[in-house]
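Enquirer: What would the 3D arrangement of this be:
(3 chains)
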Amino acid sequence: MSSPAPFFASSPLSITSQRRTPKSRFTYKQLHQLKSYSPQTPLRVIAHVDLDAFYAQCETVRLNIDPSKPLAVQQWQGLIAINYPARAYGLSRHVTSTEALKACPELILQHVATWKEGDEKWAYHEEAFKHIATHKVSLDPYRMESRKILKCIKESLPEKEQRVEKASIDEVFMDLSAQVYTILLERYPELGGPPPYDDPSEYLPIVPTTVLDWKADALVETGEEDGEVKDPDWDDVCLVIASEIVRDVRAQVKEQLGYTCSGGIAKNKMIAKLGSGYKKPNQQTVIRNRAVKHFLGEMKFTKIRMLGGKLGDEAVAMFGTDKVRELLEQPLEQLKRLGDDTGSWLYNTIRGEDHSEVNPGTQIKSMLSAKSFRPAINSFDQGVRWLRIFVADIFSRCVEEGVLENKRRPKTINLHHRQGAQTKSRQSPIPQGKPLSEVVLFDLAKNLLAQIVVDGRAWPCANLSLSVGGFEDGITNNKGIGGFLVRGEEAKAMMSNNRSSISGSEPPAKRRRTKGNIKSFFGPPSKERKDFDAARAVLKAHQESTREEEDDNEEPDDEEFSAPPLEESKAKPMTPTTNRHESMDDSFGARTSPSAQLQIKAEPLPTQELRDHTPHPIKQQPYQLYQKKIDTFFCDKCNIHLPITDRSEHDDYHVALDLSREMRQEERNQPLPTSAVKKTPVAPKPSRGRGRPPGGGNGSGSGRAVEKGQAKLVFGRQS
DNA sequence: GTGGATGAG
DNA sequence: CGCTCATCCAC
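Expert: As a prediction, the model looks like this:
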């Protein structure tokens, strides 16, 4: 906390003569630390500004609706934002749109903008909620407004004395210390002089004003008799000034853009944030340092950032209270039962200590486009269609980030996939050195999906999400000087090019005819098999094109710029793969011909987890599964016991194994040996209930040489 | 690199 | 609720 308040300051020289002079609790040093945004000075002034019901306000502004009318933003059947007039009807985020209308018949419901398949831009569609199966929501309009607001806020502050952090789409932190320092010296020139005895540790003079004008700001009470207005010190003055600044910022945002927001002003980020939520909407709250203890003490600590979840629950359970006041009684050692670092953090936090800085230039680190499928989707083709939308979404956001101008650029692309309780993800680097384009992203994304599909159990898929990440700041124009100036033009051309190619038709998924014993084995041309083939074709084509790009690498830059349309790149003739490294670590084709070996190696199949027999529990099993003993089943093909939690993965393993064997057969144009086409390849729906007890089991299944406990089938692999 | 957990909004 | 974003961690 702050230093003890020496109402009568001591000075190194004449103690007696100074005795009578009342002093501030703060030193010259602490005052001057304001200039440099030092997180240590107790005079520091931080503000938090939070837009009121942001999405809802965006819609009232966009549609020029009277803001006193109740309005909610709809996403499918749910509400994601409710303005304050509507909240008066008791509406909250958990009600459906129909329930909301029942409670408030005059409620204005506006659905969020959506991307429609095939469209090149999101739009506000009529009756969008009916199109959950074909549209994906877009938050772009809100991101754009957020950007405008941030810009407006920054323009309301002096260019040289601002430090603004975007904390979320509708929140900012401002460190007003430097600006407040300047204003303070203007208003109180006596502070500008050198400290007595040139000693920065000397205390400041007292504040000349006896009464501060807090305007209409909500002032948090101190909980003390006369603490409200008595003896203002410089920290109070700083907060008054900061409060004026915040009031002005808010007025600017309102005047120029029409948005109301709430503010919190205090000595650090944590308190400021709590302050902005204290009185809403369209108000601001000052928490003076002398009020912090009271303010926090009355609060539930679960309101504090980071304590709103599991950690907060743990603390509540551990100490039997959710009140800050009561938690204050716990010594540090007790709090450390939550973990050393966590305990220390909590100890300081509930005492109002937070020295974290306001970080300006908070750039985005990743971006994601996702959709939950209701109902689930069931084919590679469907998945690819969504990928188009994701890519369009993400790429347009990349453009906003300055990717075309090479200001920033993502390094990796990642596809997440959920099937039932299982999630999978595949990622790949985004090739650097070339301009990023929609086609490039789409190609990568499609390849990632193909990887997931060939890995097994992909359908029905309940969720897909595509993200790019690892954004790097301007790898500024250090690269090849040639062909750099025209980038802007080319980028434009590129975008229109991409557009046509990306919305074009699918590359013809090469259908492999499956007949004879294969057919009898897998049944009629199953959906699974078609999918598998389509995915595999994509993988193969991708590898081909990758190889060609590598060959092209010596070519001048302008070649690459005219990215071939998707169809072309897929239709390129397959160049035989005679790459030395590829066969190097390949133990896959031990039983196959050399030529087949090379081809097979090109398939990233099957994946690590499918090759690996090491038992591991499947993700988010219901809690009981972790608690109770895990049964095992016996795989008579592998002659090995496995926990039943591994059952489905293990089955996938066999599916992949059989498929790859089958494919090898096809490549060689030879009949499949009957031994491979045997009975019960895989129990399609393993009955979870009856796992065989350990030890129960028959001997060898197939001729596969796999020993219990060391089931290691080595496949050639792939990145 | 894969994939979960956690948390905020 | 769904959709973003971020960070941390185990393997």
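Enquirer: Can you check what pLDDT the model gives the residue in chain A positioned nearest to DNA strand B?
Expert: Proximity to DNA strand B, evaluated over chain A using Cβ to the nearest atom of the strand, is greatest for A:Gly309 at 2.5 Å. Heads up, the C-betas are built off the backbone N, CA and C, glycines and all. For A:Gly309, the pLDDT comes out at 89.
Enquirer: ok, now A:Pro12?
Expert: For A:Pro12, the pLDDT comes out at 49.
Enquirer: same check, this time on A:Leu485
Expert: So, for A:Leu485, pLDDT stands at 31.
Enquirer: Contact residues of chain A facing DNA strand C?
Expert: Neighbours of DNA strand C within chain A, by Cβ under 7 Å from any atom of the strand: A:75-76, A:78, A:80, A:93-94, A:136-139, A:143, A:364-372, A:374, A:397, A:463, A:467, A:469.
Enquirer: List only buried entries from these.
Expert: A:75-76, A:136-139, A:143, A:367, A:369-371, A:397, A:463, A:467, A:469 (16 or more other Cβ atoms under 10 Å).
Enquirer: from the residues you listed, which ones fall inside strands?
Expert: Of these, the ones assigned to strands by DSSP state E are A:75, A:136-137, A:367, A:369-371, A:463, A:467, A:469.
Enquirer: ok, the residue of chain A closest to DNA strand B - how many residues close by?
Expert: 9 (other Cβ atoms under 10 Å).
Enquirer: Quick check: the gap between it and A:Leu157.
Expert: Relative to A:Leu157, A:Gly309 is positioned 33 Å away (Cβ to Cβ, to the nearest Å).
Enquirer: now swap in A:Asn348 and tell me
Expert: For A:Asn348, the distance to A:Leu157 (Cβ to Cβ) stands at 29 Å.
Enquirer: Over to A:Thr321?
Expert: Here the criterion is Cβ to Cβ. By it, A:Thr321 lies 41 Å from A:Leu157.
Enquirer: Same drill for these two, tell me which one is more crowded.
Expert: Comparing A:Thr321 with A:Leu157 by other Cβ under 10 Å, the one with more neighbours is A:Leu157, at 19 against 15.
Enquirer: wait, isn't that one in contact with A:Val172?
Expert: No: using Cβ atoms under 8 Å, A:Leu157 makes no contact with A:Val172, being 10.7 Å away.
Enquirer: so what sits against both of these two?
Expert: By Cβ atoms under 8 Å, 6 or more residues apart in numbering, A:Leu157 and A:Val172 have these common neighbours: A:Val164.
Enquirer: Whether stretch A:346-359 contacts DNA strand B - can you check?
Expert: No: against DNA strand B, stretch A:346-359 shows no contacts by Cβ under 7 Å from any atom of the strand, the least distance being 11.4 Å.
Enquirer: same question, stretch A:74-90
Expert: No: residues of stretch A:74-90 are not located near DNA strand B by Cβ under 7 Å from any atom of the strand, the shortest gap being 8.4 Å.
Enquirer: and A:Ser24, what helix or strand is that in?
Expert: Remark: A:Ser24 resides in strand A:23-27, with elements defined by DSSP states H and E.
Enquirer: who touches A:Gly275 in this structure?
Expert: Each residue near A:Gly275 by Cβ under 8 Å, 6+ apart is listed here: A:48, A:220, A:263-266, A:284-287.
Enquirer: just those residues: which has the poorest pLDDT?
Expert: Least confident entry in those, by pLDDT: A:Val220, with 89.
Enquirer: For that one, which residues are in contact?
Expert: By Cβ under 8 Å, 6+ apart, the residues touching A:Val220 are A:275, A:278, A:285-288, A:291, A:294-295.
Enquirer: Can you tell me which of these end up in strands?
Expert: A:285-286.
Enquirer: Now distance to A:His355 too, for the contacts of A:Val220, in JSON lines please.
Expert: Shown next, in JSON lines, are those (distance: Cβ to Cβ, whole Å):
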{"residue": "A:Gly275", "distance to A:His355": "17"}
{"residue": "A:Tyr278", "distance to A:His355": "22"}
{"residue": "A:Thr285", "distance to A:His355": "21"}
{"residue": "A:Val286", "distance to A:His355": "20"}
{"residue": "A:Ile287", "distance to A:His355": "16"}
{"residue": "A:Arg288", "distance to A:His355": "18"}
{"residue": "A:Ala291", "distance to A:His355": "19"}
{"residue": "A:His294", "distance to A:His355": "21"}
{"residue": "A:Phe295", "distance to A:His355": "18"}
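Enquirer: is it true that A:His424 lies in a strand?
Expert: Not quite, residue A:424 is Lys, not His. Yes: counting by DSSP: H, G, I helix; E, B strand; the rest coil, A:Lys424 is part of a strand.
Enquirer: That one contacts A:His416, doesn't it?
Expert: Yes: under the criterion of Cβ under 8 Å, A:Lys424 makes contact with A:His416 at 7.4 Å.
Enquirer: Quickly note the distance from the closest residue to A:Thr41 other than its chain neighbours to A:Arg44.
Expert: Distances taken as Cβ to Cβ, 6 or more residues apart in numbering put A:Gln33 closest to A:Thr41, at 3.9 Å, once the chain neighbours are dropped. Per Cβ to Cβ, A:Gln33 is found 8 Å from A:Arg44.
Enquirer: ok, now A:Thr21?
Expert: Distance, A:Thr21 to A:Arg44, by Cβ to Cβ: 26 Å.
Enquirer: Those two: who's more crowded?
Expert: More crowded of A:Thr21 and A:Arg44, by other Cβ under 10 Å: A:Arg44, with 27 against 14.
Enquirer: which ones are touching the more buried one?
Expert: Listed by Cβ under 8 Å, 6+ apart, the contact partners of A:Arg44 are A:33-34, A:37-38, A:175, A:177, A:267-268.
Enquirer: and what of A:Lys336?
Expert: A:Lys336 touches A:342-344, counting by Cβ under 8 Å, 6+ apart.
Enquirer: For the stretch 301-450 of chain A, list the residues in contact with DNA strand B, please.
Expert: A:305-312, A:412, A:414, A:422-429.
Enquirer: Apply 6 Å and report the result again.
Expert: A:305-311, A:423-427, A:429 (Cβ under 6 Å from any atom of the strand).
Enquirer: Next: chain A.
Expert: For chain A, the residues in contact with DNA strand B (Cβ under 6 Å from any atom of the strand) are A:168, A:170, A:305-311, A:423-427, A:429, A:619-620.
Enquirer: Quick check: helices, which of those residues are part of them?
Expert: Here DSSP state H is the test, and the residues of chain A next to DNA strand B give A:310-311 as lying in helices.
Enquirer: Among the residues of chain A next to DNA strand B, name the buried ones.
Expert: Using 16+ other Cβ under 10 Å as the burial test, these include A:170, A:307, A:311, A:424, A:426-427 as buried.
Enquirer: quick one on the thing from earlier: quick one: the residue of chain A closest to DNA strand B from A:Thr302, how far?
Expert: From A:Gly309 to A:Thr302 the distance is 9 Å (Cβ to Cβ).
Enquirer: In the stretch 101-250 of chain A, where is pLDDT below threshold?
Expert: For the stretch 101-250 of chain A, the stretches with pLDDT under 70 are A:226-228.
Enquirer: Sketch out the strands for it, chain order is fine.
Expert: With DSSP state E, counting those that start in this stretch applied, the stretch 101-250 of chain A shows strands at A:108-111, A:114-116, A:135-137, A:164-168, A:171-175, A:203-205, A:218-219, listed in chain order.
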